[in-house]
Structure formats: C-alpha cells, structure tokens
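Chemist: Build me a model:
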Amino acid sequence: MKVFRINKIRVVDGKRVMAPSKRYYGKFKDSNGAWQRACLFTDKASSLFELQKRARQAQQVQAGMVEADTSNGLETPLDEHLESYAEAIEKRKEKIGSKWCEEQKEKIGKVLRQAKAVMPLDATSARIKGAIDKLASSRQWSKRTSNHYIKAVKAFFAWMMAESRIGFNPALGIKTLEVKDCDLVHTRRTFTQDEAGALVQYLYASKDQRKVSNPPKMRALLYAMAFQTGLRAKELMSLAPSNFDFENAELSIHGRDTKNGVSEIIPLPSTLVTMVATILAEKKNPTNLFKGVYFRGQAGKRLKLDMQHARLHYIESAFTQAERTTREQSDFLLWENPRGEFLDFHSFRASFITSLVEGGATIKQVQLLARHKDATTTLKHYIKCKDKAELAGVVSALPALMVSTPQNDNKKGHQEGHQNIQGHLKGHQNLEALGYLESSQESGIENISKSQVVDSLVVYGILPRELEVHLTGIEPVTFGFVDRCSIQLSYKCIFPML
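Modeler: Residues are numbered from 1 along each chain as shown. All right, here's what the predicted structure looks like:
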C-alpha cells in the first residue's frame, strides 16, 4: 500500500505549469470491493497511517465484524452537509473566488430541492436524474447547462463519500450528456455597427442620475471597449488606469485576470484611446476603471436594461410615422429576435471577431487578437454569418469564366462572330485559283485545297452554310490573342482530320 502525489496545473507568474500536489493521495478498496482514492495529509507518514486505517476498517465492515460508521452522516440533513462542502471548496478554490463556490452551492441546492431530498437516504440516483431533467425542461436548459448541474452534484456526493459521511454515492451512475452544436439553446448574434454605436452614444449622452455602481458614461465606455477589443467581462472589470499605455495605444492584462492565465498586451484603436483618456481625466484618483466586483451575469443584466432604453430612444427619434413603424418591427437592439438569437454581453466579443474578418484580417491575425489557443474555436464559435443574402453577395463576387459557344442557329450571329476572318486573311499571300497548298515542314499538311478548307470550317460549325466565304490566304500559327484562336485551331486541328 503506497501513498503518492498527483500533478496539478498551477498558474505561476501568469504561466500554466504542472506541479505536484501538496497533499498525498492513496487508493484502497471499500466495503463494496470498489477502489476509492482518498485525499490524505501533507505528511507522508501520517498519510500512509491514515490509508492503512481506512483499508482496515473497510475489510472489517466487509467481513461483518463491525457496521459501517456512517450513522452520523445519514442522520444529518443534506443542507448541513452542503454548508460544509461549500466551506471545503472555498478553501481549495481561493484563486477562483468565493462567487464560484456560491454558484456551485446554489446549483446543488436547486437539484436537491427539486428532488425533495432532505436526508442523505432520500437522495437516490433516480430522484436526482429526474430532478435535473425537470429543471432542464421547465427552464429550457441546453445540454451544456444540464452538464454543469450534473458535475456539481457528482462532486458533492463524491466529497461526502471521501469524508465517510455516507457509504454510497447516489450520483455515481449519472452520466453527462453528449453535446452537439445543434443542441445549443442560447444562440448568439452579433451587434451591427449601428446597434453598438446607438447604444454607446445613448449612454454617453444620458443624464440619468440614479445611484448605480457604474454611471451611464462608464457603461458606455465598458460596451465600447468590449466591442472594439473583444475583452471578456471579467477582464474588463479588472482594468485599472495603470493597465493603459496611451503613447503606444496598448492595453496590458495580467495573467491572473485572463481566462488562460497568460499576460497579454492588446492594441487599441485611436478612438478608444481618446475616449478612455477623456473619461479618466474627469475621475479623481481612480483605483479601478470600473467599480464593483465581477460575477457571472452581472454585466448581462445591466446590458439588457440599457438595450431596452436605447431601443426605445431609437424608435421615438423617428421623423415620420412610417419610419417609426419600420423601426418597431425591426430587431434593432432586441435582446432576442424572432429567430431566437440573443444579444448578450459575450456578443460583443463575437462582434469584434466577426468585424476583424469582414475587415480583411487573416485567420491567424484574428486568432491572435481573440487570444484563442486554437483557430478552430475562432472559426466554430465566434465568426458569424448574418444571413443568406450575405452568402449570395460573396458568391456573386467570384470572377466570371470566359466561355464562348458557337451560335449555329443564328445567321446574323455567325456573320458578326466571324467578321474578323477575312480581316485576318487579307494581306497574306494569295493562293492561286483552285490551286493546292504546298506542304511544309512546320505545318505537316499536304495537298489541301481551298475548297476543302472552307468545307471543313462549315462541317465543324465554325462557319454557317448560308454564309458565302472565299478563302484568300492562311495565316501562320500564332499565339497570345483570343481573336486568333479560330484561325489557329482550323490550321492545327481540323486539317489533319480530313
């Protein structure tokens, strides 16, 4: 029986590195004969002693010598176990933050309340699975959202097993759902230039004096930065004046605030640099650019209200009743359009990436500016195509193929299409009447009469039968001009077939 450490990914100086865990781990067979991995202590000797103790207790329970010591856990309500679990993960998840721990606790609580599980014995696999299915159906969850709840519940009961609070894991047989692109419920669309501009201008000029953490002008800056930099909400909320380099028009973000844990330097457009500098000049010794602490959904709820007010201002600013009716029927700044597509805060990031592609940036440039590890993520989830009309416009811009077809059924068309024949033949050496063309080493043609030349042109559809043509000369083989191809083809290809 051995104890060991496992490798974990840690963020050191903004870089993700593999480092051994501080605690030791060990494996033993429980009373049901199943292998369990136990998280032990930081001291190796103490960890080995604890592992042997757990293995010995499991063997005694399996032999019927003692009963499983889970009575205390079974008699304790699940709400108390959940409080202890929240405290445990908050200590281990310091870098993620207490807000994430609260979200996990809330998810588990929703499932337990829906399953009507008060005591540990009430929590069965069928009840938990049925509760998640009911929540997903009533609240129109996607499969990805359901998976978040499944993983949270499984982690909770796995912790209870590891802490010997229960002798069974009711969530062990619950599997996560397979997710495909067609399973997405919350489909995003992108902000147009007019929508983003109208939203920012409305808030920047707003005189709303309500006491909120970020006044309208600061929210205008927040949305403008999200639209023109593609920064995530958490990254934006972490910004301070020291992050900006106005001389070089750059913005630096520390690795602790980015999603991948890597520090980044992002270029800024000149208009955004001017806007940030103007607003910072009005503030007195600001520590952070935006007030408040980020938590998921905060920016989206505020954005939804701002979009409603900006859309109402857009409709009321119409000059005529017909224009007002048109604006009311449009999906301008609608949270959800008739096609079921949403505009949320993360749509700013998708709009930024899509605008880069429309502006002619290469896929590699877009990937670097979006700070994606793989370009597949950029192409699959962020670059949006607005509608079929846009695709039709792209196809119509393709270069045309120069293809000419003979018009044998139109005498006038033949006359117009073959007017250049006599022009090309004029000025060349005349052939004797009813004479024969002498053979030459360059052409490889022997004893061909003028009448045979004309008949060949008629047979192969190059000249119409109704058009009377008198051959006066033959031009040598030439290359490089389209209007000479008919002469060249008749000289090189038709003659040898006679």
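
Chemist: so where is the stretch 51-200 of the chain shaky, pLDDT-wise?
Modeler: Along the stretch 51-200 of the chain, segments meeting pLDDT under 70 span 66-75, 92-99, 180-186.

Chemist: can you pull out the helices in it?
Modeler: 71-74, 78-92, 98-114, 125-138, 143-162, 193-204 (DSSP state H, counting those that start in this stretch).

Chemist: Just put those in CSV and tack on distance to S330.
Modeler: C-beta: built from backbone N, CA, C; applies to glycine. Below are those laid out as CSV (distance: least, CB to CB, whole Å):
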stretch, distance to S330
helix 71-74, 59
helix 78-92, 46
helix 98-114, 36
helix 125-138, 32
helix 143-162, 30
helix 193-204, 10
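
Chemist: Would you mind putting those helices into JSON lines with mean neighbour count and distance to K15 alongside?
Modeler: Below are these laid out as JSON lines (neighbours: other CB atoms under 10 Å; distance: least, CB to CB, whole Å):
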{"stretch": "helix 71-74", "mean neighbour count": "13", "distance to K15": "41"}
{"stretch": "helix 78-92", "mean neighbour count": "15", "distance to K15": "21"}
{"stretch": "helix 98-114", "mean neighbour count": "17", "distance to K15": "22"}
{"stretch": "helix 125-138", "mean neighbour count": "16", "distance to K15": "37"}
{"stretch": "helix 143-162", "mean neighbour count": "18", "distance to K15": "27"}
{"stretch": "helix 193-204", "mean neighbour count": "18", "distance to K15": "34"}
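
Chemist: Out of those helices, which gets nearest to V17?
Modeler: helix 78-92 (18.4 Å; CB to CB).

Chemist: elements contacting the closest one?
Modeler: Under the contact definition 3 or more CB pairs under 8 Å, 6 or more residues apart in numbering; DSSP states H and E, helix 78-92 sits against helix 98-114, helix 143-162.

Chemist: Now tell me what touches the longest one from outside.
Modeler: Put plainly, it is helix 143-162. For helix 143-162, contacts defined as CB atoms under 8 Å, 6 or more residues apart in numbering pick out 36, 38-39, 73, 81-82, 85, 88-89, 104, 107-108, 110-111, 120, 123, 128, 132, 135-136, 166-172, 174-179, 183-185.

Chemist: Same check on the first one?
Modeler: With CB under 8 Å, 6+ apart as the contact definition, helix 98-114 has outside contacts at 78-79, 82, 85-86, 89-90, 93, 123, 128, 131-132, 134-135, 148-149, 152-153, 155-156, 293, 295-296.

Chemist: which residues of this structure fall in strands?
Modeler: Assigned by DSSP state E, the chain shows strands spanning 3-4, 7-12, 15-20, 25-29, 35-39, 187-188, 244-245, 250-253, 264-267, 341-342, 436-437, 448-449.

Chemist: Return the residues in contact with P170.
Modeler: Neighbour list for P170: A123, T124, S125, R127, I128, F157 [criterion: CB under 8 Å, 6+ apart].

Chemist: Report the contact partners of the second one.
Modeler: Just to be clear, that refers to T124. P170.

Chemist: next one: the third one
Modeler: Applying CB under 8 Å, 6+ apart, one finds that S125 lies in contact with P170, A171, L172, G173, I174.

Chemist: how about those residues in a markdown table, adding distance to D194?
Modeler: Formatted as a markdown table, these follow (distance: CB to CB, whole Å):
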| residue | distance to D194 |
| --- | --- |
| P170 | 53 |
| A171 | 49 |
| L172 | 53 |
| G173 | 52 |
| I174 | 47 |
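
Chemist: P267 is in contact with E250, correct?
Modeler: Yes. Under the criterion of CB atoms under 8 Å, E250 makes contact with P267 at 5.9 Å.

Chemist: So these two - more neighbours on which side?
Modeler: Neighbour tally, E250 and P267, criterion other CB atoms under 10 Å: the higher count belongs to E250, 14 against 11.

Chemist: per-residue pLDDT, the residue found closest to that one once you drop the neighbours it is linked to in the chain?
Modeler: If the residues on either side of it in the chain are set aside, E250 comes closest to I265, at 5.5 Å by CB to CB, 6 or more residues apart in numbering. In this model, I265 is scored at 90, pLDDT.

Chemist: so I265 sits right up against S252, yeah?
Modeler: Yes. Counting by CB under 8 Å, I265 does reach S252; the two are 5.1 Å apart.

Chemist: anything in contact with each of these two?
Modeler: Common contacts of I265 and S252, defined by CB under 8 Å, 6+ apart, are absent altogether.
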